[in-house]
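S.K.: Below are the sequence and a predicted model; questions follow.
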Amino acid sequence: MKDDARGTIRITEERATGRVGFARTASGDLLPSVDARTATQAAAKAGAYLDEYATAFGARRGELRQTEVREARGGWTVEYAQSYRGVPVFAGELRAHVDRQGDLTAVNGFAVPGLDLDTTPRVSKADAAARAVRLVGASPSDKRTPGSAKGLEAVANDLMVYRMGTTRGVEGDAVLAWVVEVSNRSDVRETVILDARTGKKINRWSMIAHNLSRELYESKLAPANLVWKEGDAFPGGLDEDQAAEVAGAGETYWMFMNTFGRDSYDGQGAKMVTVNNDPAIRCPNANWNGVSTNYCSGVSSDDTVAHEWGHAYTEYTSGLIYQWQSGAMNEAYSDIWGETVDMLNDRYNETPDTKRIEGDCSVQSPPLISVEITAPANVAGPCEAVPASGGPTFTSEVLTPQVVVGLDAEDPEVDDVPTDGCSPFSNAAAIDGNWVFVDENLNTGCGEDSLAAYYEAVAGNAITAGAEGIIFGGDPEFAPWDMPGATFTIPALQVDGDSGTRFKTAGTSTARISASTTNTDESYRWLSGEADPAFGGAIRDMWNPNCYGDPGKVSDEEYYCDTTDAGGVHTNSGVVNHAYALLVDGSTYNGVTVPAIGLDKAANIFWQAQLEYLTPSSDFADLADALASSCTDLVGEDINEVTLGQSATGGSQATPELADPITTADCAAVDKASQAVELAKDPVQCNFGPLLAKNTPSLCGTGFTSKVTWSEDFEDGLAGWTQDEDVVYADEGATGIDWVPTTSAPGGHAGGVAFGADPTTGSCLADAEDISGRNGLISPSVTVPAGTSPRLTFDHYVATEAEYDGANVKASVNGGPFTVIPASAYVFNGPGAVLATAEEDNTNPMGGEVAFTGTDGGEINGSWGTSIIDLAAIAPAGASVKFRFDMGRDGCNGVDGWYVDNVKVQVCEKNATTPTPPNPPNPPAPDEKDQTRTKVKVKPVTVERGEQVKVVTVVKSRAGTPRGEVRVKVDGKKIDTVRLSKGRAVVTFKATWKPGKYTVKVTYLGTDNYKRSSDDARLRIKG
C-alpha cells in the first residue's frame, strides 16, 4: 500500500477489526499510476485502488458496490457500500477522495472482514418487528425522560449483516440480523438489532438525539394543532417559545444553505417541522425524533434549537451511530452547530462574550462541588456529586452537615418507596435542623407533571420537616445531574447511586461539602443552553468541559467509560467540543499550542469532515484523520464566511463573502487541536479489559496466617458434589446441560476444573433444541469456621453471552433454600451485572439476578481470576452451608461457559507470639514491611492567589488497603497531616503565596506494616 503511493502516507487502524480504517496523504497520491480528471475517471481510479486493497480495509472486492460519485470541495467523493450475498452490511461503508489534480488523497471507512455465514433468516420480518416493538415498550432506553410507550411501531426493518462490537470499537462476531427502527413519532425512537436466527436482542440504542419550509405545531403533530407555517405573519399570535423555535429553525436552515449550499437537513429542501410544548417529553428537554424537533416550554433558545436540528443534519450526512465515540461525535456536532448559530445571530446575545481564559470556568456556570461522607467510618469516602442548577450556590466555605435519611409513607397511587420524599416525612423530628437524604424516583415523579415539579415537591416536604439542605440519591443507571428546571430555596445536590446506598446504609451520617472550583471568567462564550430558563443556566461548556464534569481530552478522569448514556455520548462529546473551540479561538492546552484559525475556517473544515469523510461507525481517531484530510481538501479552495442572513422570522438568503483561504498553516493548527484533546488516543483508563481483576489481595493481614478448613481442586472430578437443574422447555423435550469435569481449561490453566457450558448452539424457539435453563453444581455441607475473616475463595474463568447468560454462587444455610450471595458480600471480584429479565425477552430462569456475565472487554474470551466472599456476611460461625454454582442460559447463542477451580473455605488465625525479651525488639526491618505507592493530584493545577486548592491522595498496596496518615507540604512548608480513609485523603487549603510555581509533596508516613512512600505534583499560582 505504501510502496504504490507517492508521498508520506498515514494509516490508521480500525479498532473493531484491526484492518485499515483510514489511509491518507496530505500532498501525495495513493495510486499515482492512474490518472483522474473527471468524475468518471475519479470513480475508475477509486475502483482500481480497491481492486488491489479492498481486503486491507476488511472487504472482499466483490462485496463492495459503488453507490455514489459526487462533486465535493476540491474534487470528488466516491462511496461504496459493503454487502454479503446480497445482504447489506450494517455501517459497511468506504469513501474514496480524489482531488482536482487527480490525486487519490484518502480512503476511509469501515468494512467487516472474513464474512462466512448463512443469509437465510429463521425469524420472519414480521416476528422481528413484533419482538422489537415489545422490547422497547417494556423498557424504553431513555429512563431519564421516560415517555409514553403507546403508538409504537416498526417504521423500518432491514435484514443486514451486523458485526458485534462495531460501535464500541471492539472485536465481535458477524451475525445475520434484523435492524429495526421502533418509533411512536414523538418521544420514542430506537434502533433494535435482533439476531435473525434466534430473535434475540444483539444491540439497541436510542435515536432521540437530545427552499425554506417550516411548520410549528402546539402539543402534538396533528393537522388540528398547526399554529404557524411558512408565509404566515410573524410573530403573529405566537408566544415567546413558539417564536424562538420558528426563528431558530430558520437560522439553522440559512446558516447551512448560505455557507455550505445545503438545502435543509436532507439536502433536498425537506420541511422543518417543530412541535412546541410536547407533553410526551419529560421536561425540561428537547429532541429530534426523525420527523420533527420537539421542545418543552423554556427550552427554546437559539443554540438549543440549532442543536436539535443539528442532529437532523448529522442523520442525513455522516449518520453517526448514537453510541460510544460515534454518538459523542453526534452530540458534539449538534453543540458545534448550535454554538455557531448563537455566535452569528442577534438573539439571546448574552454579554460579555469575549474570548475565554484558558483553564477558567465561567461565572455563569455552577461551581463543581466536593462531597465526602466523613462518618461513620464504614461508609466514609468521596461521592460523585452535582449541585442543583436552580438552588443556592455552593462556595468554598466547607459545610459539615449531619445527613438523615428521610422516611415517608408509601403511597400506592404513585407507587413510590419509603425513602423518596414523595409524602411528608415520618421522621421530621430527626430531620429538623439537619440535611435530608432522599432517593430520586423518576419512575413516578411523585405523580407530578414534570421533573421540575417533582423535585420541588420533594424539596417542599424537606422544608416542612425543617431540613436545611437536601441530597438526592441518583438512579444507579445514570450519572448524577443538576436537576434542571427545578428551583430550590435550600441547598440541593445529587449524588451517584453507589454513594446513595452508603448514605442509606448509615441512616444518619456526617458529610463534608464545598465548592471545588472557583469560577472567575465573566464571558458567556462557548456556553451551551445558557439562555434556556428551564435549564437554570448553561448545561455544557465547550471551552472548558471540565467545568461541567465533562472531559476536555481523552485521558481526563472525567472521560465516561460506562455503558449507560449509550456509552457516555453526552459526556465524552466534551472532547470534540473542546477541539472546535480551541481551533476557533486558539490557546495552549495539554502542553500543545493551538493557533486560532477563526470561526469561518473551523466551520468549513468540520462540515467537510461531516459531509465527505465520517461514516456511521467513525470514532475520535477517524475524526482526527477526517479533519486533517478535510483541511487538505480545502487548501486554496474558495470557502464562504459563515452567515445566516437576517430576517424577522430567523435568517434569510444572503450572498456570503468569501472567507480568507485555508492554508497549510491552518492544517497544522487542525493537527495541533486534535493532538491537544487526544483524538487519536485510546481511552486506556476505561480498561475495557479483564472481567475479573488480577492481583488478588492477601486474604489475611500482617500477623495472621490463613488456614484452609475445606477445599476442592476437582482433581478427582466432581466426586462428592451433586447437581440440580431448571429446564424451561422440558415439556417440549429440551434437556439441561450438566456440569462436567475437564482438564482442558482455557487460559493455560493446568489440572482438573469444573465446567458449566454456555454453548453456541440452541434455538431460542421454545422447542426441544432450546437450551433455556439453569444447571447447579452443589458442594457438600461445609461448616463456617470460627475466627477472624472467614472467607470462601474460588478461581474461575467467565465467557458467556452478555446480559442473557451468566453465572453466580448461591448458598443454603442450615438446610434452608438456596439464595443468591449478594455482590455486597464479595470482598474481591464480585458479580458486576444483572441479567436481563423476562420482560426483556430473556428466557434464562436466572433473569434479574446479579451474575458474572460477558467476556473480557475488547475480547471474545475470558481470563482467570479469583473471587473472595466474606462468609460472615451470609452465615454465622458454626453454621452448615452448601454452595451452589449456577450456570444459567437463555435458548441459544452462548460463548463458552464458566470454569471453576480451587474452591476453598479459609479463616485467618493470629500468629503465635513469643515471650517479650528483656529489651524492646527492634522495629521491623524495611524489607519486612509491605510496599506502598502514593499518588497525588492537585485540583486545579493553576489557581489565582487566594483561591482554594484541593490535594487528593491515594495510597495503595498489594497487601491490602493502607491505614495511617499522610503529610502535605508545599515547597517544604507543612500544610496539614490527615488520616487516610479507605486509602484516600483529601486536603483543602488556600493558595496564599505569591505568584509562581510550587511543588506539592505528599508523604505517606507508613505504619508497622506498610512502608513510607511519597509523590509530588505541580501547583501554579497566578497574580
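M.R.: Perfect, I can see it now. Here the structure is a predicted model, which is why all the values come from computation and not from measurement.
S.K.: can you tell me how far Phe818 sits from Pro876?
M.R.: Using C-beta to C-beta, to the nearest Å, Phe818 is found at 18 Å from Pro876. C-beta here means a position set from N, CA and C on the backbone, and glycine is covered the same way.
S.K.: How about the secondary structure of the nearest residue to Glu557 once chain neighbours are set aside?
M.R.: Leaving aside its sequence neighbours, Glu557 sits nearest to Gln685 (C-beta to C-beta, 6 or more residues apart in numbering; 7.2 Å). Secondary structure assignment for Gln685 (DSSP: H, G, I helix; E, B strand; the rest coil): helix.
S.K.: Might one say that Gln685 is in contact with Lys553?
M.R.: No: using C-beta atoms under 8 Å, Gln685 is not in contact with Lys553, being 11.4 Å away.
S.K.: Compare those two and say which is more crowded by neighbours.
M.R.: It is Lys553, of Gln685 and Lys553, that has more neighbours when counted by other C-beta atoms under 10 Å, with 22 against 11.
S.K.: doesn't Asn590 make contact with that one?
M.R.: Yes: Lys553 is within contact range of Asn590, at 5.6 Å (criterion: C-beta under 8 Å).
S.K.: shared neighbours of those two, which are they?
M.R.: Ala676, Val677, Glu678 (C-beta atoms under 8 Å, 6 or more residues apart in numbering).
S.K.: Relative to Lys672, how far out is the last one?
M.R.: What it means is Glu678. For Glu678 relative to Lys672 (C-beta to C-beta), the value is 12 Å.
S.K.: sorry, back to before: more crowded one of Phe818 and Pro876?
M.R.: Using other C-beta under 10 Å as the criterion, Phe818 and Pro876 rank with Phe818 on top: 17 against 12.
S.K.: got a list of what that one touches?
M.R.: Gly776, Lys810, Ala811, Ser812, Lys882, Arg884.
S.K.: A helix includes the first one, no?
M.R.: No: under three-state DSSP, Gly776 falls outside any helix and is assigned strand.
S.K.: what bridges to it?
M.R.: Beta-bridge partners for Gly776, by DSSP bridges, are Asp724, Asp886.
S.K.: Run a quick neighbour tally on it.
M.R.: 21.
S.K.: doesn't Val727 make contact with it?
M.R.: No: if you go by C-beta under 8 Å, Gly776 and Val727 don't touch, sitting 12.0 Å apart.
S.K.: could you pull out the helices for the stretch 501-650 of the chain?
M.R.: 564-585, 598-608, 620-634 (DSSP state H, counting those that start in this stretch).
S.K.: And the chain, by the same measure?
M.R.: 39-57, 125-138, 240-260, 302-315, 324-344, 428-431, 451-464, 497-506, 564-585, 598-608, 620-634, 664-677 (DSSP state H).
S.K.: The ones you listed: which one's closest to Val936?
M.R.: helix 497-506 (22.9 Å; C-beta to C-beta).
S.K.: buried ones in that closest one?
M.R.: Across helix 497-506, burial judged by 16 or more other C-beta atoms under 10 Å covers Gly497, Ser499, Gly500, Thr501, Arg502, Phe503, Ala506.
S.K.: how near is the closest residue to the third one other than its chain neighbours to Arg502?
M.R.: Right, the one you point to is Gly500. Distance criterion C-beta to C-beta, 6+ apart; nearest residue to Gly500, sequence neighbours excluded, is Gly473 at 2.4 Å. When distance is defined by C-beta to C-beta, Gly473 is 9 Å away from Arg502.
S.K.: Touching, Arg204 and Leu135? I think so.
M.R.: Yes: using C-beta under 8 Å, Arg204 is in contact with Leu135, at 7.4 Å.
S.K.: still on that earlier bit, got the helices of the stretch 501-650 of the chain as CSV, with mean pLDDT, distance to Pro352 and mean neighbour count columns?
M.R.: Shown next, in CSV, are those (pLDDT from 0 to 100; distance: least, C-beta to C-beta, whole Å; neighbours: other C-beta atoms under 10 Å):
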stretch, mean pLDDT, distance to Pro352, mean neighbour count
helix 564-585, 92, 14, 26
helix 598-608, 97, 17, 24
helix 620-634, 95, 30, 26
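S.K.: what's the domain layout of the chain?
M.R.: Split into domains by automatic domain parsing, the chain comes to 10-110, 125-206, 214-360+522-682, 369-515, 704-910, 930-1022.
S.K.: Including distance to Asp116, could those go into CSV?
M.R.: Supplementary listing: these in CSV, determined by distance: least, C-beta to C-beta, whole Å:
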stretch, distance to Asp116
domain 10-110, 9
domain 125-206, 8
domain 214-360+522-682, 21
domain 369-515, 37
domain 704-910, 15
domain 930-1022, 45
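S.K.: thought the residue nearest to Gly500 was touching Asn441?
M.R.: No: taking contacts as C-beta under 8 Å, Gly473 lies outside contact range of Asn441: 10.0 Å.
S.K.: Show me the beta-bridge partners of Gly75.
M.R.: Bridge pairing for Gly75 - DSSP bridges - gives Ala72, Asp99.
S.K.: can you pull the contacts of it?
M.R.: Shown in contact with Gly75 (C-beta under 8 Å, 6+ apart): Ala42, His97, Val98, Asp99, Arg100, Thr105, Asp633.
S.K.: so how far is Gly338 from the residue nearest the centre of the chain?
M.R.: Residue closest to the mean C-alpha point of the chain, counted by C-alpha atoms, centre = their mean, is Gly568 at 2.4 Å. Going from Gly568 to Gly338 by C-beta to C-beta gives 19 Å.
S.K.: Just give me the neighbour total for the closest residue to Ala823 other than its chain neighbours.
M.R.: Spatial nearest neighbour of Ala823, excluding adjacent residues (C-beta to C-beta, 6+ apart): Gly830 at 4.3 Å. Residues near Gly830, counting by other C-beta under 10 Å, number 18.
S.K.: cool, Ala811 as well?
M.R.: Other residues near Ala811 number 23, with proximity taken as other C-beta under 10 Å.
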